[in-house]
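S.K.: The sequence isn't on hand, but the structure is:
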């Protein structure tokens, strides 16, 4: 059985999604490579993906709860509230920074071998997902330490994780495409990430935002995702505002569309630009 | 016909050379700065920004290749060979035209693409295999064969950063050689490894296409390898397909290109380039150790002679010397030749024709394309009376019998004859 491939100017669209499926093993292999290499080079290895959110959590708890005296969500310990937000935030920010540099870091592959380029940034988002899963295990220890137990809501978490994944993919692809064209975008990404940490409700509860601004605030898709994570992990003590979540879904889907379409458009000339 | 596996119709590829930018990528600060400038100046300098030049790397290429053919693609640097391979392997899109490929294509444009130095040999086999399009099951099936071919059994679990370069190349090639696509595209990868391993690779390639019925496309500058490996040749020149036919005929035509160059330039005194001090009447390079009739192609091992004829316009006695810069195709300065360097006695010349002859001994320069980028007529060992740029160009090809089994490219900038005692 031989298949026929036709290459024509401007008509790569047809094979693209089929090729993506055909090269599916490459997702796995590239993520596996990134993870393996990361943990081979650093001494503390996997500990790193736990230490970062943990230390940030401690600092945020001290600053926002002890110094600024901000309220927690119901009866939930402040530390767990922060950690529940830290998880999706770290995933998102890691995915964004890793994805945006992924193509530049794999120039040799792009200029020498064909495969759907979408695989490279996607693989780095998957790599960040692995970090997320490692960091997620730690919340169990926090529950034990504070003697706190999550409710049935924790089983809804995969849905919000999927939402975070969609957002990270979309924004990641978009930034990746921009980063290839405008090489100084890499200086902007760390800034976005740092800025986002403070405008998203990571260190504080989104309930302290005045109600009249809540909808506007929810335009930041991370608000819906973080609220969702807290609702799942804090026994439903965070009120889940359906409007906030819907808005987050819409904005995330918009980013996914924007990211894929920008990426696809840029992709054709990647090998020539790089 | 049913056994045609590659059919190219009218394909072309265009690159845009932007003269404004020194770098290939844009920085957003530049874009913003440019926009601001334009607004301030009222779009006055739009023409300056738009100074872009089109460059056709491939122009209307048509060909058909049958199943099981071993095709050698040759041409000089920049003729479009590598661009063609990139288009065929879908790394870049063509600007126009249509290519029909029957079967799975694997391309090997570089040895060890995607190898990660921190990973072990075993891990890299899987990584590299997946990048080249093999499935894990396929790699697992071929794993032992790959390892045996590369001869690295003992170092399978050592990170490849600790490998010698020879081992690295052997492993990389071995993975690629065990791909089983219907169409295999190979670019100049034989230019690595030792001669022994090169022979082994060539054997493997031949085996793959002869017995496996696969189609192989090669690009190489090594005519010996191409001759022994390929049955069909394609000759490219400046983005166009000049000839397609049997391999030896293609090679003959290719070598003829090397007689073109610009080996001799000559002017009538009135048209000669120059100034009030002097004019250049003639510059020439030729072979002196073989009869001219058969020496239309310069080979390594030829002794060459440069002749420069000037017309000295200065009255009275003038102390003159000639200096020239010899560059290779990469723009490396091979040497500066000067009549003044090893001569302490300066010669004086009257007004009139002045002839300088300079001989380059046999067995000094390597194969390649050469260019006399600057030719200077110097007075009193310091004042430049005349400077002419890009005077003559010529090519030297490698004398094949000197190469032993070496299938790779040129190594080193010069190839001097050394004295050996043993």
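M.R.: Looks like it arrived, so ask away. Because the structure is predicted, anything quoted here is derived from the model rather than measured.
S.K.: my guess is residue A:241 meets residue A:214, correct?
M.R.: Yes - under the criterion of Cβ atoms under 8 Å, residue A:241 makes contact with residue A:214 at 7.3 Å. The way it works is simple: take the backbone N, C-alpha and C, and place the C-beta from them, glycine included.
S.K.: who has more neighbours, those two?
M.R.: The neighbour count for residue A:241 versus residue A:214, taken as other Cβ atoms under 10 Å in any protein chain shown, is higher for residue A:241 (19 against 15).
S.K.: check contacts around that one.
M.R.: Contacts for residue A:241 (Cβ atoms under 8 Å, 6 or more residues apart in numbering or on different chains) come out as A:214, A:218, A:227.
S.K.: Take those and lay them out in a markdown table including pLDDT.
M.R.: A markdown table is the format used below for the contacts of residue A:241 (pLDDT from 0 to 100):
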| residue | pLDDT |
| --- | --- |
| A:214 | 83 |
| A:218 | 86 |
| A:227 | 90 |
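S.K.: just curious, which of those residues is nearest to chain B?
M.R.: residue A:218 (29.1 Å; Cβ to the nearest Cβ).
S.K.: How about the closest one: what's its closest non-neighbour residue?
M.R.: residue A:244 (4.2 Å; Cβ to Cβ, 6 or more residues apart in numbering or on different chains).
S.K.: Quickly find the element holding the one you found.
M.R.: Using DSSP states H and E, the secondary-structure element containing residue A:244 is helix A:242-273.
S.K.: Equivalent analysis for residue A:21, please.
M.R.: For residue A:21, the enclosing helix or strand under DSSP H and E is helix A:13-22.
S.K.: buried ones in that helix?
M.R.: Buried positions in helix A:13-22, judged by neighbour count with 16 or more other Cβ atoms under 10 Å in any protein chain shown: A:15, A:19, A:20.
S.K.: host element of the residue nearest to the first one when sequence neighbours are not counted?
M.R.: Of all residues not flanking residue A:15 in the chain, residue A:5 sits nearest, at 7.0 Å (Cβ to Cβ, 6+ apart). Element membership of residue A:5, judged by DSSP H and E, is strand A:4-8.
S.K.: Any regions of the chain where pLDDT drops low?
M.R.: All of this refers to chain A. A:1-2, A:10-14, A:41-46, A:273-274 (pLDDT under 70).
S.K.: Let me rephrase: I mean chain B.
M.R.: For chain B, applying pLDDT under 70 flags the ranges B:1-2, B:17-26, B:41-52, B:189-193, B:259-261, B:292-295, B:400-409.
S.K.: Closest to the centroid, which residue in it?
M.R.: residue B:77 (3.8 Å; Cα atoms, centre = their mean).
S.K.: Tell me which stretches of chain B form helices.
M.R.: In order along the chain, chain B carries the following helices (DSSP state H): B:28-41, B:46-49, B:81-88, B:121-131, B:136-150, B:165-177, B:195-210, B:223-229, B:247-257.
S.K.: brain fart, chain A
M.R.: With helices called from DSSP H, chain A shows them at A:13-22, A:24-41, A:47-60, A:78-105, A:107-110, A:119-146, A:157-181, A:185-199, A:214-217, A:221-233, A:242-273.
S.K.: what's the most buried one of the ones you listed?
M.R.: helix A:221-233 (a mean of 27; mean count of other Cβ atoms under 10 Å in any protein chain shown).
S.K.: Tell me which other helices or strands it touches.
M.R.: Counting by 3 or more Cβ pairs under 8 Å, 6 or more residues apart in numbering or on different chains; DSSP states H and E, the packing neighbours recorded for helix A:221-233 are helix A:78-105, helix A:157-181, helix A:242-273.
S.K.: can you put those in JSON lines and add distance to residue B:322?
M.R.: Below are these laid out as JSON lines (distance: least, Cβ to Cβ, whole Å):
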{"stretch": "helix A:78-105", "distance to residue B:322": "49"}
{"stretch": "helix A:157-181", "distance to residue B:322": "50"}
{"stretch": "helix A:242-273", "distance to residue B:322": "44"}
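S.K.: closest one to residue A:67 among these?
M.R.: Nearest to residue A:67, of all these, is helix A:78-105, at 11.7 Å by Cβ to Cβ.
S.K.: and the closest one, how far out from the chain's middle?
M.R.: Relative to the chain's own centre, helix A:78-105 is displaced by 5 Å; criterion: Cα atoms, centre = their mean, to the nearest Å.
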